[in-house]
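Chemist: pasting the sequence and the predicted coordinates here, then a few questions.
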Number of protein chains: 4
Amino acid sequence: MLPTGEPKFRRRKAERPDEIVEAALQVFAAKGFAAARLEDIAARAGVSKGALYLYFATKEELFHAVVEQAIAPNIQLVLGLIAGHPGPFADLVRGVAERMAAMVETTPVGGVAKMVIGEAQNFPALARVWHDELVGPALGAMAGAIAAAQARGEVRAGDPRAYALSLISPLLLGVIWRETFVPIGAEPFHLPRLARQHVETLLQGMLADKDPCA
Amino acid sequence: MLPTGEPKFRRRKAERPDEIVEAALQVFAAKGFAAARLEDIAARAGVSKGALYLYFATKEELFHAVVEQAIAPNIQLVLGLIAGHPGPFADLVRGVAERMAAMVETTPVGGVAKMVIGEAQNFPALARVWHDELVGPALGAMAGAIAAAQARGEVRAGDPRAYALSLISPLLLGVIWRETFVPIGAEPFHLPRLARQHVETLLQGMLADKDPCA
Amino acid sequence: MLPTGEPKFRRRKAERPDEIVEAALQVFAAKGFAAARLEDIAARAGVSKGALYLYFATKEELFHAVVEQAIAPNIQLVLGLIAGHPGPFADLVRGVAERMAAMVETTPVGGVAKMVIGEAQNFPALARVWHDELVGPALGAMAGAIAAAQARGEVRAGDPRAYALSLISPLLLGVIWRETFVPIGAEPFHLPRLARQHVETLLQGMLADKDPCA
Amino acid sequence: MLPTGEPKFRRRKAERPDEIVEAALQVFAAKGFAAARLEDIAARAGVSKGALYLYFATKEELFHAVVEQAIAPNIQLVLGLIAGHPGPFADLVRGVAERMAAMVETTPVGGVAKMVIGEAQNFPALARVWHDELVGPALGAMAGAIAAAQARGEVRAGDPRAYALSLISPLLLGVIWRETFVPIGAEPFHLPRLARQHVETLLQGMLADKDPCA
DNA sequence: TATGAATGAGTGTTCATTCAT
DNA sequence: AATGAATGAACACTCATTCAT
C-alpha cells in the first residue's frame, strides 16, 4: 500500500534464494551434507522450513546450488590469472599461489571442499560439478602453462599435470588440515607462508638451469 | 540335510570382530560415517544387526575400531623408517615417499582418510585419534629429521614443518583425488610416479650442497 | 470431494497437547510406563508418532506432563480443604475423606498412582514429582492438622504422621484394589462407603473427648 | 568319576531352579517385570542366559514362579494364625498385625507386591495368582473372624470386609511408601509402630462397649 | 509468497529367545 | 545339563518432505 519510500524491511523475495544458499553454505560446511538439518539452515536464513521448498525442490538440489554458488565467483579468477599471464613462468606460479592462498583464507571454499570430499561417494553429481567446473579446468590450465613453459625451455622435463598438482597440493592440504585438525587443537599452518616457501623451493627444481633466482 | 551348507549360527567368536571391522571399513569408506547403515555393515559381514552389538557398543565405537585397525599396521612402519634412518637426508625422503606411495596403493588408508576428513566436525574424537596416532607423529618425525638435516647443513633454512607438509602433500592429495574424482571419470594419478617426480623436484630446492643461485 | 471429513493435517496446535496428554494418561495408566508404546498413544490421540515430538521431547517428558496434569487440578483442592478448615477436627476429617473418595471415583488419579508405584524405581523423577507435589504436602498438611488438634486437646497422643496415614490408607488401598484386582473379577469396594466407615471407626479411637477406658 | 566324598562344588541341579527364582525375585522386585533383564537374572543366579530356558519356558513363566514362590511360605502363616485363634478378637488382631509387620520387614514381599500392582494390567494371570492365593483368602479369613466377633457381640456392626481392609491398609501402604518414596529421600515409617498405633486406635472404634482396654 | 503443524519412512539400539556345540 | 553366540522383532526418536492455511 506504500509503494514508494524506502522498503526498509522488504528487500525480500529477490534476495531470499541467496540468503538461503548462504545459510546452507555455512551449515553444510560445518556439518557435511547428511548431518546438516534443513531446520538449521532455515533458521539461519531467517525463514521457515517450508519456505526452503519454494526455491529448492530437495536437500540435494540446495546442496548443488551451494556448490555452484561457492565456486562461480572464484573459478574465473584463477583461470583468468593463468590464461592471461604474459611474463615468465615463475612469476605466474607466484601470482597464482598468492591469489589462491588469499582465497582459501578469505572464503569458505575450504569448508565446501571438505564437504565435497566427504560426500562425493554418496552424491557423485557434486563431485562432477566440483571437478568439471573447478579443479579440472584449473589443473588443466596450470598443466597447460607448465607444458608451454617446458616448450619454451623454461621448465625441465616431467609430467605437467603432476607438476601442477605438486605446486598446489600443500596449500590444499593446509586447508584440509585447518578444517579437520585445527578444531581439535592441532597447530595450524600459516597458509600464505606455507605456499610461498613451497613454491620457491619447488621452483628451484622445476626451472631449467638458467638462473632461477632472477 | 547335508551337514555342511549355511548353518544359521556360526559360533566364530574369534573371527567375528575382524570380519565386522573389515565390512565396516568398506561401508564407512564408501558412505562416510553418518550415511553408513549398520544393517549394511552387518549384511556385508554376514551377521545380523544385533550381532554387531556383541562386539561393539555403538556405531561410533565400531568407527573407532575401524580407524585404529586401519592405522595400527601402517603407522609404526613409517615412523620406524624415519627414526631409524642413518644415511643422507635425500635417501630418507626417497625411502619414505616410496613406502608411503606403496601403502596408499595397497591399503584402504585413503578411504579412511577421506572418511575422517568428512566426519571430523561431527565426530571430533575421530579426528583426534587420526591426528594423535598418525599424522601428528608422522609429521613431527619428518619435521625433526628435516631440522636435523638443516643442523647438519644438508638442508637449507626454512620452516621444517612446512617442508614436511610440502614433501608429502601431493601424495595425500593424489589419494583424495582418487577417492573423490576418479569414481566419476577423472583421470587418476599414478601415485608412485607422482611421488617420485615431486620428491626429486622438491629436493633440488631443499638441498643445500650446491648453491643454484651462485 | 466434500470439504468436511478427515483432513490429513488438522492444524490444531492449541488443543493437541491436551489431547496427547489425555491419550497418554489412558495408555500409561493401562500399561505402565515401559510397556506403553508411543505409537499407541499417538494413535489414540489421532496423530502420528512424529507429532508427539512436536510437543514433548521424550517419552519421559510426556510421562511427566501426564503426572502433573493429573495432579494439578486435584491437589490444591485437598490442601485448601485442610488448611482452611475452621471447625472441629472430626468435621475436617469427614470432609477430606468425602472429597477424596469422590476424587478417586471421578478422576483417573488411581491409574496414575498405580503407574507411579510401578515405575518409581526405574524413573525416580516420577516418584519425586508425585511425592513432592502431592502426597508429601497432603500428608504434611494432615499431620499438621492432627498435631494442632492434639494441642487443642481434641485428639489423643500419638504420632500425627502415622495417624494421617491411618486415616487415608484404606481409601488408597481401595483404589489400588480396584486397579489391580477388580479387572480380574475381584469384588470391588464401594469407596465412599469404605472411607466413611473407616473414618467413623478410627475417629472413635482418635478423639479424646470421652475416655472409652473409663 | 568321584561319586563319593563331599561334592563341594556340585550341589547343582536340584537347587538350580530355586537359585534362579531367588535371583529373579530380586531383579523383578527392583525393576518390575518389563525392565528386568533376563541377562541380569542369569548373572545374579550364576548361570548362563540359556540355562534359564532349561527350567522356565518364558520370562512370564519365570515371573509366575517368583510370585508363587514368594507367596507360598507366607500365606499359610497368616491364614493359620487367623483360623486357629481361640481368644478374644482384639488379641487376634494384635497378633496378626504384629506378624504381618514382621513379615513385610523381613521378606521381599513388599517388592513383589509393588511389582504385581505395576504389572497387573499387562499380566492379569499374576494378579489372579496373587489375589486367589494370597490377598483373597487372607481378606476373607479376616472378614470371617470379624463377622464371628460381631456375632459374638464383640465387634460393632459394619461391613466386615471393609473393617478387614481398614485394619491392614496402613501397613500395606507403609510398604508401598517404603518401596516408592523412601528411595528418593522421603522419611520412612516405622512399620511395626505404625501398625500398633493404628490397630489400637481402630480397635477403640470397632469393639463393642464392653471395656476395650482389657 | 510464506508458514509450521503434521507426516511417515528410516535408523540405532535393546533384549527375549533359539540352537549348535 | 549347560553354554553363549546369534537372531530378529520391536521401539524410541529423527528429519526431509508435504500441505492446509
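Modeler: Great, that's in hand.
Chemist: whichever helix or strand residue A:74 is part of: how far from the chain's middle?
Modeler: For residue A:74, the host element (DSSP states H and E) is helix A:59-83. Computed by Cα atoms, centre = their mean, to the nearest Å, the chain-centroid distance of helix A:59-83 equals 7 Å.
Chemist: do that helix and chain B meet at all?
Modeler: No: residues of helix A:59-83 contacting chain B under Cβ under 8 Å from any Cβ of the partner chain: none, with a closest distance of 12.7 Å. Where C-beta positions appear, they are placed from N, C-alpha and C, glycine not excepted.
Chemist: next, the buried residues of that helix.
Modeler: A:59, A:62-67, A:69-71, A:74, A:78-79, A:81-82 (16 or more other Cβ atoms under 10 Å in any protein chain shown).
Chemist: how many residues are close by the residue nearest to residue A:16 when sequence neighbours are not counted?
Modeler: Leaving out its chain neighbours, the residue that sits closest to residue A:16 by Cβ to Cβ, 6 or more residues apart in numbering or on different chains is residue A:55, at 6.6 Å. A count of nearby residues for residue A:55, using other Cβ atoms under 10 Å in any protein chain shown, gives 16.
Chemist: ok, residue A:55 - contacts?
Modeler: The neighbourhood of residue A:55, defined by Cβ atoms under 8 Å, 6 or more residues apart in numbering or on different chains, consists of A:16, A:17, A:20.
Chemist: contacting DNA strand F as well, which ones from these?
Modeler: Counting by Cβ under 7 Å from any atom of the strand, nothing from the contacts of residue A:55 sits close to DNA strand F.
Chemist: neighbour-wise, give me the winner out of those.
Modeler: residue A:20 (24 neighbours).
Chemist: how close does the residue of chain A found nearest chain B sit to residue B:33?
Modeler: Relative to chain B, the nearest point of chain A is residue A:118 (2.2 Å; Cβ to the nearest Cβ). Note on residue A:118: its distance to residue B:33, by Cβ to Cβ, to the nearest Å, is 9 Å.
Chemist: more crowded one of those two?
Modeler: Taking neighbours as other Cβ under 10 Å, residue A:118 and residue B:33 compare with residue A:118 leading, 29 against 23.
Chemist: I'd like the distance between that one and residue B:126.
Modeler: Plainly put, residue A:118 is 12 Å away from residue B:126 if you go by Cβ to Cβ.
Chemist: what do you get for residue A:189?
Modeler: Distance from residue A:189 to residue B:126, by Cβ to Cβ: 21 Å.
Chemist: now swap in residue A:112 and tell me
Modeler: 21 Å.
Chemist: equivalent analysis for residue A:178, please.
Modeler: From residue A:178 to residue B:126 the distance is 17 Å (Cβ to Cβ).
Chemist: pick out whichever of these two has more residues nearby.
Modeler: Neighbours per residue (other Cβ under 10 Å) separate residue A:178 from residue B:126, with residue B:126 holding more: 24 against 19.
Chemist: tell me which element the more buried one falls in.
Modeler: helix B:124-130.
Chemist: list the buried ones in that helix?
Modeler: In helix B:124-130, counting by 16+ other Cβ under 10 Å, buried: B:124, B:126, B:127, B:128, B:129, B:130.
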